[in-house]
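Asks: Give me the fold of what follows.
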Amino acid sequence: MKKRIPRLIAALAAALLLVCCSADVDTSLPARVHGEPPTPLVGLLDPDSEIRGVWIATVYNIDFPSAPDLSADALRAEIDAIIDNCKRMDLNTVFFQVRPACDALYRSDIFPVSRFLSTSGKLTFDPLGYILEKAKRNEMFVYAWVNPLRAATSFSAAPVLPDGVTDDMTVEYDGKLVLDAGVPATRELVARGVYEIVERYDVDGVVFDDYFYPYPANDASGARIPFDDGGTYAKYGADFSSVADFRRDSVNRLVKECYDAVKRADPECVFGVSPFGVWRNSESVGGAGTAGFEAYDELYCDAPAWAKGGYVDFLAPQIYWQRSSAGTPYELLLDWWNASVGMGGVDLLVSHAAYRYEEGDWDSPAGEMREQVTLARQRLAYRGSVFYGYDELKNNVFGIRDELLDSFRDEIVYLDPASDGSSVTVTSFENYGSAPRGEIVLEGHSDPAYPLYLNGSPVGRRKNGDFSVRVTVSGGENRFLFTRRGEEFLFVLFG
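Replies: Model (predicted):
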């Protein structure tokens, strides 16, 4: 993850700020929460510490607030409880949902007050400002979680939209209202909103979730409901041979424009996305060899392009399956994301499905999270975990809180990998040797400081540079070309 200003410097800056500022300044709705509130200069969180996060959902009042129209004291008490619980669980990062649906749980000049906070449309308490104050007193990071394209959770609810949102910027889909990413004005609105958050508040990061083009839905007859952006495609998609390519390019542009907006507001603030856990299935097109719903073809999200293009600091894929899941096993996807994210120097945060402990759709879930975190820590690109299902953690369902407390007993700091000067070696077979036909695993090592590719595809490695990669051996000569820093290393097997 890109470096944040060390907490020691931030704390010292805050102390100077307190000396220099007047005592009668009204901070109930801060223009920006500059630096940290006064804290003892001990036990400060290292900016490279492993991210141990939790998603706090505000949509539908899932985690906060418990209901709309609560008093300021009640809202403050709920945030106090969230941070206190997170601290007791040794979590150090809150992914706080500040914009669930073209609205705001913060002081905004662009977006209306969220109806999940206030039905009157008046902001009498600033949740983002307060959670920043509370979290940073407890040495925790805060990431502003934004849903970029959901305009309204229910079209029938007569949504209040930001000024300037025109009919051509929205599409009604399956009873909901979404912003059309293909319209340049939509992307400008979302980027402007992100800039406002980062410029106004001292958030450590901004994160988008997995909702871009809407998840496909069927009508009463079972037929797929089309997304009605034909007019947008006709107007803006002349350079694209298919609407699918146009949609993917539109999402790519949205992500890049928001990354640029974040960096303009604060170069130290990190920006990332938490995409659906399966990019594509087919290994022939670079997929993971899984069998499941595909973000690339259904949501038009091309997360590897964002990493390769350098316009995300991190990706936090939602690998919401067990290690034993048929078709989408956790470790297979973990390896794929580790390879795909690491090729761009982007950090990998793993989003884990804590909520599945409660729903009972995992057989014998006890111990699963501990094992998932242990496996993730071995991967080179990994920098932390984020858990969806705050209630499950808080209530210790199937002992999940105890598992994380056990896993998080010791602080871990991740620095950029250092070069060990090694070449590329394969240790599981002898070069120019024989191997059984079919799928095998090549094991080896390369310098962890530099990306490694096999026949043009990225190879995921562990933090020490070791790798295990699946390949297929056919009859005759099989050539496996590894590349690193422009150098080529040929490994040959005979099947």
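
Asks: For the rest of this, base every contact and every neighbour count on C-alpha atoms.
Replies: Fine.

Asks: Now for the closest residue to residue 126 other than its chain neighbours: which residues touch it?
Replies: Nearest residue to residue 126, sequence neighbours excluded (Cα to Cα, 6 or more residues apart in numbering): residue 106, at 5.2 Å. Residue 106 makes contact with 98, 113, 123, 126-129, according to Cα atoms under 8 Å, 6 or more residues apart in numbering.

Asks: Please enumerate the helices of the stretch 101-250 of the chain.
Replies: For the stretch 101-250 of the chain, the helices defined by DSSP state H, counting those that start in this stretch cover 127-137, 184-200, 230-236, 243-265.

Asks: Distance check, residue 175 against residue 219.
Replies: Distance, residue 175 to residue 219, using Cα to Cα, to the nearest Å: 11 Å.

Asks: picking up where we left off before, residue 53 versus the residue nearest to residue 126, what's the distance?
Replies: Relative to residue 53, and taking Cα to Cα, residue 106 is found at 21 Å.

Asks: burial measure for residue 233, as a count.
Replies: Other residues near residue 233 come to 19 when the count uses other Cα atoms under 10 Å.

Asks: Residue 181 is in contact with that one, correct?
Replies: No - using Cα atoms under 8 Å as the test, residue 233 is too far from residue 181 to be in contact (10.7 Å).

Asks: Domain parsing of this structure, as residue ranges.
Replies: Taking automatic domain parsing as the reference, the chain has its domains at 7-407, 425-494.

Asks: show me what contacts residue 86?
Replies: Residue 86 neighbours (Cα under 8 Å, 6+ apart): residue 92.

Asks: so where's the stretch 151-300 of the chain uncertain?
Replies: Counting by pLDDT under 70, the stretch 151-300 of the chain has low-confidence residues at 155-158.

Asks: cutoff 80 now
Replies: Along the stretch 151-300 of the chain, the model assigns pLDDT under 80 to residues 154-159.

Asks: now do the stretch 351-495 of the chain
Replies: Short version for the stretch 351-495 of the chain, where the test is pLDDT under 80: 359-361.

Asks: can you give me the helices for it?
Replies: So, for the stretch 351-495 of the chain - with DSSP H, counting those that start in this stretch - the helices run 355-359, 368-377, 390-394, 400-407.

Asks: between the longest one and helix 400-407, how many degrees?
Replies: Spelled out, it's helix 368-377. Angle, helix 368-377 to helix 400-407, by axes from the mean of the first three to the mean of the last three Cα atoms, to 10 degrees: 40 degrees.

Asks: how about helix 368-377: buried residues?
Replies: For helix 368-377, the neighbour count (16 or more other Cα atoms under 10 Å) marks 368-370, 372-373, 375-377 as buried.

Asks: now swap in stretch 160-175 and tell me
Replies: Residues 160-161, 169-174 are the ones in stretch 160-175 that count as buried (16+ other Cα under 10 Å).

Asks: can you give me the strands for the stretch 51-200 of the chain?
Replies: Using DSSP state E, counting those that start in this stretch, the strands of the stretch 51-200 of the chain run over 51-56, 93-99, 141-146, 150-152, 170-173, 176-179.

Asks: Quick one: closest of those to residue 335.
Replies: Among the strands of the stretch 51-200 of the chain, strand 51-56 comes nearest to residue 335, with 18.9 Å by Cα to Cα.

Asks: where along the stretch 201-350 of the chain do the strands fall?
Replies: 205-208, 270-273, 314-315, 347-352.

Asks: Kindly reformat these as TSV containing distance to residue 93.
Replies: Formatted as TSV, those follow (distance: least, Cα to Cα, whole Å):
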stretch	distance to residue 93
strand 205-208	10
strand 270-273	13
strand 314-315	14
strand 347-352	12
